[in-house]
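>>> next comes the sequence, and after it the predicted model I'd like to discuss.
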Amino acid sequence: MKKYTYLIFLSVFLISCTPTKGLYTWSNYEKASYNYLKKSDEKSIDKLFNEYKLVINNQKGTRKVTPPGVSADYGFLLIQKGDLIKGKEYLKKEILLYPESKIFIDRILKLVENEK
Amino acid sequence: MKNSIYILLICSLLLTSCKSASVIKSKQYSSIYNQNPLSVLIMPPINRSTNVEAKEFFYTTLNVPVINAGYYVIPPFLSMEILKRESAYDAELFIDRPSLEVFAEIFGADIAMFTIINKWDKSSVFFYSDYRSRIYFKVYTHQ
């Protein structure tokens, strides 16, 4: 009789085995972005920085491309830190990856130029 | 023992037949599918609950699921910065205004997504705490 119970367990186990792979992987981005918004102290900024790097360089989703908005927000953070050249590079990368963003990002690039 | 296995089998059959797939999203929300929007601007949530932190917290949870569904979401921190600069951080100012040209012009967005947090309670039972929220979604499409 025990055999049957094992069988049932096994089937339940196997059903839950199907991998659910999304378009993108996010690491701990959500948590880091919340902490950044809440505290915006040095520690939370550094954490978010690392998460952006992970999401950009270690993409394991089905698309294998940096998700929308990540390059742009990373570039924005770089500019705020004072790294203007690298920041602008990432903003332009966003347009390259997602042409839908051109209207908005072009506006930001102009704004950055004016504030220099 | 054999009986119990039969009961289990019947139960599992019943449970799998519970899916109600009669309503298709493309039928229910046909106009949004016809317009085929690509880019989404997520507006800062309108907080009508008593919890002050709910607005920021909820905002940071919104972009990932919409992106994973295949849409382009306007970079959340950048758009927040711009909305603050244009003193448009309070979504209340826009939610009842049907004209959305501003969003298309500045952000290039096809959709503006508004959320209203009506309730945000924390309930704790021993060491386990749980947030309950009541959220109202409103989506505008440009065109």
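It's in.
>>> which parts of chain B sit against chain A?
Applying C-beta under 8 Å from any C-beta of the partner chain, one finds that chain B approaches chain A through B:1, B:5, B:8, B:38-39, B:53, B:56-57, B:59-61, B:63-64, B:67-68, B:70-79, B:81-82, B:105-108. In this view, the C-beta of every residue, glycine as well, is placed from N, C-alpha and C.
>>> relative to residue A:49, how far out is residue B:64?
To residue A:49, residue B:64 is 18 Å away according to C-beta to C-beta, to the nearest Å.
>>> thinking again about what came up before, report the buried members of the residues of chain B next to chain A.
Buried members of the residues of chain B next to chain A, scored by 16 or more other C-beta atoms under 10 Å in any protein chain shown, are B:39, B:56-57, B:59-60, B:63-64, B:67-68, B:71-79, B:81-82, B:106-108.
>>> what strand or helix carries residue B:132?
strand B:128-141 (DSSP states H and E).
>>> please see if the host helix or strand of residue A:94 touches chain B.
Using DSSP H and E, residue A:94 sits in helix A:84-97. Yes. Helix A:84-97 is in contact with chain B by C-beta under 8 Å from any C-beta, via residue A:94.
>>> in that helix, what counts as buried?
In helix A:84-97, counting by 16+ other C-beta under 10 Å, buried: A:87, A:88, A:90, A:91, A:92, A:93, A:94, A:95, A:97.
>>> so how far is that helix off the chain centroid?
15 Å (C-alpha atoms, centre = their mean, to the nearest Å).
>>> who are the packing partners of it?
helix A:70-81, helix A:102-115 (3 or more C-beta pairs under 8 Å, 6 or more residues apart in numbering or on different chains; DSSP states H and E).
>>> pick the most deeply packed of these.
helix A:70-81 (a mean of 22; mean count of other C-beta atoms under 10 Å in any protein chain shown).
>>> can you pull the pLDDT of residue 80?
Looking at chain A here, since you left the chain open. With respect to pLDDT, residue A:80 scores 91.
>>> sorry, I should have been clearer: chain B.
So, for residue B:80, pLDDT stands at 92.
>>> do the same with residue A:10
68.
>>> ok, then the element right after the lowest-mean-pLDDT helix or strand in chain B?
None of the helices or strands of chain B scores lower by mean pLDDT, DSSP states H and E than helix B:2-16, at a mean of 72. Next along the chain after helix B:2-16, taking DSSP H and E as the criterion, comes helix B:25-28.
>>> could I get that following helix in CSV with only the CA atoms?
Output of helix B:25-28 as CSV, limited to C-alpha atoms (Å, rounded to 0.1, in the frame of the first residue of the first chain):
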residue,chain,number,x,y,z
LYS,B,25,-8.3,38.3,-22.1
SER,B,26,-8.2,39.4,-25.7
LYS,B,27,-12.0,39.3,-25.8
GLN,B,28,-12.6,40.9,-22.5
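>>> skip the chain neighbours and tell me the closest residue to residue A:101.
residue A:94 (5.3 Å; C-beta to C-beta, 6 or more residues apart in numbering or on different chains).
>>> how about that neighbour, what does it touch?
A:69, A:71, A:72, A:75, A:101, A:105, B:75 (C-beta atoms under 8 Å, 6 or more residues apart in numbering or on different chains).
>>> quick one on the thing from earlier: would you reformat the helices and strands packed on helix A:84-97 as a markdown table and include distance to residue B:120?
A markdown table is the format used below for the helices and strands packed on helix A:84-97 (distance: least, C-beta to C-beta, whole Å):
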| stretch | distance to residue B:120 |
| --- | --- |
| helix A:70-81 | 26 |
| helix A:102-115 | 30 |
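>>> any chance of those in TSV, plus distance to chain B?
TSV is the format used below for the helices and strands packed on helix A:84-97 (distance: least, C-beta to the nearest C-beta, whole Å):
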stretch	distance to chain B
helix A:70-81	4
helix A:102-115	3
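>>> out of the ones you listed, flag the one nearest residue B:88.
Nearest to residue B:88, of all those, is helix A:102-115, at 14.1 Å by C-beta to C-beta.
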